[in-house]
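> Quick check, what structure comes out for this input:
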Amino acid sequence: MAANVLNSERAIRMSVFIVRAFIKMREQLLSRAELESRLAQIENILLSHDGQIRDLYEKIQPLFLPLPEPPRRRIGFTAREKPVKYSVRRCHK
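You can find the predicted model right below:
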C-alpha cells in the first residue's frame, strides 16, 4: 500500500483505486462461477429435453406422411350371381 508509505493525496487515491479494482475482479469471478453453474444446469435440462423431443418427433412423423388413397369403386356393370361352370365338349370326327 503506497498510501501508508507516501502519505500523499495521489497515493491514497491510487490505493483506493486498486482496492476497488480487486473488489470488482472478485465480483466478476463469483458471477462467472454462478453463470457457469447455471449454464451447466441448463445444458443438463436441454439434454434431457433433447431425448423427449426426439421421442415426440418419432411419434408425430407418421402424421406428416401422405394418406393412402381410398379404394376406388369399379366403373361398369357387375353381375351378382354365382358363377356357372362351363364345360367344353370336343367333337371327334
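> what about stretch 15-26, distance to the chain center?
43 Å (Cα atoms, centre = their mean, to the nearest Å).
> Quick check, central residue of the chain?
Asp50 (4.8 Å; Cα atoms, centre = their mean).
> Output the contacting helices and strands for the one helix or strand that residue maps to.
Assigned by DSSP states H and E, Asp50 belongs to helix 9-64. Where contact means 3 or more Cβ pairs under 8 Å, 6 or more residues apart in numbering; DSSP states H and E, helix 9-64 is packed against helix 2-6. Every C-beta, even on glycine, is put in place using the N, C-alpha and C of the backbone.
> Now for the protein, the helix or strand with the poorest mean pLDDT.
The helix or strand of the chain with the poorest confidence is helix 2-6; it has a mean of 61 (mean pLDDT, DSSP states H and E).
> Can you list the low-confidence ranges for the chain?
For the chain, applying pLDDT under 70 flags the ranges 1-6, 91-93.
> try 80 this time
1-7, 74, 76-81, 83-93 (pLDDT under 80).
> Give the full set of residues in contact with Glu9.
Applying Cβ atoms under 8 Å, 6 or more residues apart in numbering to Glu9 gives no contacts.
> Report how many residues lie close to Met14.
15 (other Cβ atoms under 10 Å).
> Check the gap between it and Ser8 for me.
As for Met14, its distance to Ser8 is 9 Å (criterion: Cβ to Cβ, to the nearest Å).
> Same question for Glu36.
For Glu36 relative to Ser8 (Cβ to Cβ), the value is 42 Å.
> cool, and Ile53?
Taking Cβ to Cβ, one finds Ile53 at 65 Å from Ser8.
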